[in-house]
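A.B. asks: give me coordinates for this.
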Amino acid sequence: MERALFIPSAHNPWYGHPFRARYQETDRMGVVFHGNYVTWFEVGRTEWIRALGISYKQLEEQGLLLPVVDLHVRYHHPARYDDEVIVYTRLTRLTPIRMTFQSVVVGVPEEAEEQPCKVGWVNEPKGEWLVEGETTLAWVGADWRPKRFDREHPEIWDLLKQVSSNEESKK
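C.D. replies: You can find the predicted model right below:
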């Protein structure tokens, strides 16, 4: 496995990934269908880990899978067709068997004094919070049995500990 390319300097930073709400993601009212936010959370997690220099594909090629085992979503305001949004993601809990991500989808106002970060690491999400959620994933092998990630890949485990906010992972 390749070594990480980047370690954010801030403790428990958010990674922002921008995109536009696509037509096929909306319903007849032009509002993004509620289930699509879960997909956007996945995009955020994928880009978060890629920004650290690791890809899901590399993990899967080594027989490690990350199925979602728990999901919580809270809706504040809808995104609409062609709205520019940013999904912000951060790691909030890390154990040898599970990891939990917090996700926030914000709207990017067309005219604002201060534009939110378009992409990259930030200390706090900026923009109007549309949806927030939490996703917990489990480390499992190709046989779908739990794997202790700290033993399977200690070099990546150490990297994840550096960007996690929970004390449990520091042990």
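A.B. asks: show the average pLDDT along the helix of greatest length in the chain.
C.D. replies: Identified as the longest helix of the chain according to DSSP state H is helix 36-51. Computed over helix 36-51, the mean pLDDT rounds to 96.
A.B. asks: against Leu130, how distant is the residue nearest the centre of the chain?
C.D. replies: With distances taken as CA atoms, centre = their mean, Arg45 lies nearest the centre of the chain, 2.7 Å away. Distance of Arg45 to Leu130, computed by CB to CB, to the nearest Å: 18 Å. Any C-beta I mention is one placed from the backbone N, CA and C, and that applies to glycine too.
A.B. asks: how about low-confidence regions in the protein?
C.D. replies: 1-10, 111-118, 165-171 (pLDDT under 70).
A.B. asks: quick one: the helices in it?
C.D. replies: Assigned by DSSP H, the chain shows helices spanning 36-51, 56-61, 149-152, 154-163.
A.B. asks: tell me what the longest one is packed against?
C.D. replies: The helices and strands touching helix 36-51, judged by 3 or more CB pairs under 8 Å, 6 or more residues apart in numbering; DSSP states H and E, are strand 14-20, strand 68-75, strand 84-94, strand 98-107, strand 128-138.
A.B. asks: looking at the ones you listed, which is closest to Ser55?
C.D. replies: strand 14-20 (14.2 Å; CB to CB).
A.B. asks: and the contacts of that closest one?
C.D. replies: With contact meaning CB atoms under 8 Å, 6 or more residues apart in numbering, strand 14-20 is reached by 8, 40, 43-44, 47-48, 51, 82-90, 104, 108, 116-125.
A.B. asks: next, the residue of the chain positioned farthest from its centre: phi, psi?
C.D. replies: Residue distances from the centre of the chain (CA atoms, centre = their mean) peak at Arg28, which lies 28.2 Å from the mean C-alpha position. Main-chain torsions, Arg28, degrees, to the nearest 10: phi -60, psi -20.
A.B. asks: so which bits of the longest helix of the chain are buried?
C.D. replies: 36-37, 40-42, 44-45, 47-51 (16 or more other CB atoms under 10 Å).
A.B. asks: with stretch 12-32 instead?
C.D. replies: In stretch 12-32, counting by 16+ other CB under 10 Å, buried: 13-17, 21, 25-26, 31-32.
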